[in-house]
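Colleague: please work out how this folds:
(one chain, ligands or ions: 1)
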Amino acid sequence: MKAIRTVLLVASFVFAAAAASAQTGQLEVHDAWARATPGKSNIGAAYLTIRSPTADRLVAASTPIAQKAELHTMEMSGMVMKMRPIAGIDIPAGQKVTLAPGGMHIMLVGLKEPLKAGQSFPLTLNFAKAGTRTVDVAVERVGAVGPAATTQH
Ligand SMILES: [Cu+2]
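Modeller: Here you go, the predicted model:
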């Protein structure tokens, strides 16, 4: 009888701990990728997915492989899609925010070397609340439209 009570106590403790960690989960950055840059272009773009359990805001980015990393968005200007710098990207609580071609992206200005498919580089993101996150950005071929499957090769 005593043993059964002990098991129940342990079980309820483990359950409580799991519930607590779900509530205090951390901001995560997934699927960071960039397109290889053609020729001698010294401008590139990085894309990724951000999810945070609490509202946050991406306010800056930096990478050792470029002079500057700017937050950009794309919008229609007349009949043309144009990109422009933005001060930050809001991350609503519990919602996935995806930076992808044709939309928001991280512009890499002044690349020290062209981005080559198969390489990767570090990118540091600064969040208003979560602080910094450094992710590895995989470089995909020039025509890629998304990150390669990460589970199979
Ligand atoms: Cu841009």
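Colleague: put the alpha carbons of the longest strand seen in the chain into CSV.
Modeller: Scanning the chain for the longest strand, with DSSP state E as the assignment, gives strand 66-77. The C-alpha atoms that make up strand 66-77 are tabulated as CSV, following Å, rounded to 0.1, in the frame of the first residue of the first chain:
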residue,chain,number,x,y,z
ALA,A,66,28.8,40.1,-44.2
GLN,A,67,29.3,43.7,-43.3
LYS,A,68,25.6,44.1,-42.4
ALA,A,69,22.5,42.0,-41.8
GLU,A,70,19.3,44.0,-42.3
LEU,A,71,15.7,43.0,-41.6
HIS,A,72,13.8,43.5,-44.8
THR,A,73,10.2,43.1,-46.1
MET,A,74,8.8,42.9,-49.6
GLU,A,75,5.8,44.9,-50.8
MET,A,76,4.2,46.0,-54.0
SER,A,77,5.2,49.4,-55.2
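Colleague: for it, packing partners?
Modeller: strand 43-51, strand 56-62, strand 80-85, strand 105-111 (3 or more CB pairs under 8 Å, 6 or more residues apart in numbering; DSSP states H and E). In this view, the C-beta of every residue, glycine as well, is placed from N, C-alpha and C.
Colleague: go with 7 Å
Modeller: strand 56-62, strand 80-85, strand 105-111 (3 or more CB pairs under 7 Å, 6 or more residues apart in numbering; DSSP states H and E).
Colleague: ranking these by mean pLDDT, which is last?
Modeller: Ranked by mean pLDDT, those bottom out at strand 80-85, which scores a mean of 92.
Colleague: in it, what counts as buried?
Modeller: Using 16 or more other CB atoms under 10 Å as the test for burial, strand 80-85 gives residue 83.
Colleague: so what's the gap between it and the chain middle?
Modeller: How far strand 80-85 lies from its chain's middle: 21 Å, per CA atoms, centre = their mean, to the nearest Å.
Colleague: for the helix or strand following it, packing partners?
Modeller: Downstream of strand 80-85, the next assigned helix or strand under DSSP states H and E is strand 89-91. Strand 89-91 sits against strand 56-62, with contacts defined as 3+ CB pairs under 7 Å, 6+ apart.
Colleague: brilliant, that's me finished.
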